[in-house]
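*Asks:* this one's sequence-less:
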C-alpha cells in the first residue's frame, strides 16, 4: 500500500468513526473514535476464526506494520502534538506553579516508576508468573508518565482553576520527556545492552537529555520569535512554528538530548508575554486555530491507531488477570507519587486534598505508553507486558477520561459551572 492510499484509508476510517460517534454515543471525539476502532478490532478478531478462507486481520495488520506506531509517534507526530499542547499552556500560571510542575514531572515520575516496579515484582509471582525486577522497572517506566495528548484534550472540556490547569498540563508535557528518558535507560539495563552502567553515568545521561533538551528548546524558541518579530504574515508564522517544532525535535535527537522536552520548551516560548509583541491579535488567532486543527487531526488518528493495536495482542487468561490487577495498582501508585512528590511544595495548602484527587484521577495514559510497549523487543516478556500496558491505557482513556468531568464538577463546582 503506497503512502497516499494509506493516508486515505486512515482519514476515511477517522471520518467514518467520527460520524458514527456523532450519531450514536456522542462521546468526546477522540474517545469516541477510540471506542469504535476498538469495537471494529474486536469484531474482526471474533469473525476471523469463523471465516477460515479469509484472513480478516491481514489488512489491518499490514496497515499497522506500514505505520509502525512507535516510530511514527516517538520520532514523528510527537513533536507536533507536544508543541500544540505547550502553546495552550498559560505560562504565567505555569511560572507560578513551576515548583509543583517540576516536582511532579521529575520526582513524581521517578517515584511512580519505583512504586509500580516494586508492587509488580511482588504481585506477578502471586499470579503464577514471576517477572525479573529489571522488567518490572520497564513496566513502571512505560506506565508512569501521563499522556499529554489525553490530558491537554481533557483540560479543554473542564473548567478547572487556571493554576491547577497549568500544573496538569505542565506535568503531562514534561513528564512525557522524563518518562521516555527513563524508559531508554531501563530497557537497556533489562535487555543487557547497558550492562555495567553506573548510577553516576545514568544520572549524567538523564541531565544531558533533560536539561540539555530544555536549554535547546529555549534557544530555538527565542530565535524563532526573533525572526517572526520582523514581519506580519500569518502564513509565515505557521510555517516558522512548524519548522520550529520539527526542527527542534530533530536537532535534540541528533545531539542525544530529549526531543520531547526540547519541543515543549520551544512551544512554551510562544505563550510568554514577550510573544505578545511578536503577534498581533488576528495573527495569533490564526496561528492558534491552525495548531488546534493540526492537534485535533493528529489526536484522532492516534486514538484510532491505539484502538487497532489490540490486533497485535494475543489474549491469554494470565494477561487479562494481570491487567485487572495492575489497573487499580496504577491508580494507587499515581496517588502516592503525586502526594509524596508535592509535599515539599505545600500540597497541603490545596483545600481538602482536592488537587490530589483530581491529579490522581486525571492521570491518563495514552499513545506514549502504547508506543513504548510496542517497542519492546520480541519475546515472552513483551507478550506479557504489552497487554497489561494496553489494558491500563484503554481504562484510563475511556473510564477516567469520561468520568473526569463529573469528578471536576464535584470537586470544583463553581469552576465547572462557569465553563458551561
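*Replies:* Yep, that arrived. Predicted model only: the values in this text are computed from it and were never measured.

*Asks:* where exactly do the helices run in the stretch 51-200 of the chain?
*Replies:* 58-67, 69-72, 78-87, 91-96, 98-102, 109-126, 133-143, 148-155, 162-191, 199-228 (DSSP state H, counting those that start in this stretch).

*Asks:* so for residue 397, which of those sits nearest?
*Replies:* Among those, the nearest to residue 397 by CB to CB is helix 148-155 (5.9 Å). C-beta: built from backbone N, CA, C; applies to glycine.

*Asks:* worst mean pLDDT among the helices of the stretch 51-200 of the chain?
*Replies:* Of all the helices of the stretch 51-200 of the chain, helix 148-155 carries the lowest average pLDDT, namely a mean of 74.

*Asks:* and the angle for that helix with helix 162-191?
*Replies:* Angle of helix 148-155 versus helix 162-191, following axes from the mean of the first three to the mean of the last three CA atoms, to 10 degrees, is 160 degrees.

*Asks:* from residue 362, how far off is the most centrally placed residue in the chain?
*Replies:* Taking CA atoms, centre = their mean as the criterion, residue 147 is the residue nearest the geometric centre of the chain, at 2.3 Å. To residue 362, residue 147 is 11 Å away according to CB to CB, to the nearest Å.

*Asks:* likewise residue 405?
*Replies:* For residue 405, the distance to residue 362 - CB to CB - is 10 Å.

*Asks:* higher neighbour count, those two?
*Replies:* Remark: of residue 405 and residue 362, residue 362 carries more neighbours, 25 against 16, as counted by other CB atoms under 10 Å.

*Asks:* returning to that earlier point: out of the helices of the stretch 51-200 of the chain, which comes closest to residue 292?
*Replies:* Of all the helices of the stretch 51-200 of the chain, helix 78-87 comes closest under CB to CB, at 7.4 Å.

*Asks:* contact partners for the residue nearest to the centre of the chain?
*Replies:* 172, 176, 364, 365, 366, 367, 368, 369 (CB atoms under 8 Å, 6 or more residues apart in numbering).

*Asks:* residue contacts, the closest residue to residue 151 other than its chain neighbours?
*Replies:* Leaving aside its sequence neighbours, residue 151 sits nearest to residue 172 (CB to CB, 6 or more residues apart in numbering; 3.8 Å). Residue 172 is in contact with 85, 145, 146, 147, 148, 150, 151, 152, counting by CB under 8 Å, 6+ apart.

*Asks:* in the stretch 201-350 of the chain, which spans are helices?
*Replies:* 234-254, 259-269, 281-308, 317-342.

*Asks:* most tightly surrounded among these?
*Replies:* helix 259-269 (a mean of 29; mean count of other CB atoms under 10 Å).

*Asks:* relative to residue 262, which of the helices of the stretch 51-200 of the chain is closest?
*Replies:* Comparing the helices of the stretch 51-200 of the chain by CB to CB, helix 199-228 comes nearest, at 3.9 Å.

*Asks:* now do the buried residues in that closest one.
*Replies:* 202, 205-206, 209-210, 212-214, 216-217, 219-221, 224-225, 228 (16 or more other CB atoms under 10 Å).

*Asks:* residue 109: neighbour count?
*Replies:* Residue 109 has 26 neighbours, counted by other CB under 10 Å.

*Asks:* for residue 391, see how far away it is.
*Replies:* For residue 109, the distance to residue 391 - CB to CB - is 21 Å.

*Asks:* between residue 405 and residue 362, what contacts are shared?
*Replies:* Counting by CB under 8 Å, 6+ apart, nothing touches both residue 405 and residue 362.

*Asks:* quick one, what contacts the closest residue to residue 323 other than its chain neighbours?
*Replies:* Spatial nearest neighbour of residue 323, chain neighbours left out: residue 391 (3.2 Å); criterion: CB to CB, 6+ apart. Contacts for residue 391 (CB under 8 Å, 6+ apart) come out as 320, 323, 324, 326, 327.

*Asks:* report the angle between the host helix or strand of residue 391 and helix 162-191.
*Replies:* Assigned by DSSP states H and E, residue 391 belongs to helix 380-395. Computed by the same axes, to 10 degrees, the angle separating helix 380-395 from helix 162-191 equals 170 degrees.

*Asks:* closest one to residue 336 out of the contacts of residue 172, please.
*Replies:* Once CB to CB is applied, the member of these that ends up nearest residue 336 is residue 146, at 14.7 Å.

*Asks:* hmm, the closest one is touching residue 364, no?
*Replies:* Yes. With contacts defined as CB atoms under 8 Å, residue 146 counts as touching residue 364 at a distance of 6.0 Å.

*Asks:* between these two, who's got more neighbours?
*Replies:* The neighbour count for residue 146 versus residue 364, taken as other CB under 10 Å, is higher for residue 146 (29 against 24).

*Asks:* drop anything exposed from the contacts of residue 147.
*Replies:* 172, 176, 364, 365, 366, 367, 368, 369.

*Asks:* out of those, which one sits closest to residue 72?
*Replies:* Taking these together and measuring to residue 72 by CB to CB, the closest member is residue 367, at 9.9 Å.

*Asks:* of the buried residues of helix 199-228, closest to residue 8?
*Replies:* residue 224 (32.9 Å).

*Asks:* ok, the closest one touching residue 241?
*Replies:* Yes. With contact defined as CB under 8 Å, residue 224 counts as touching residue 241 (7.2 Å).
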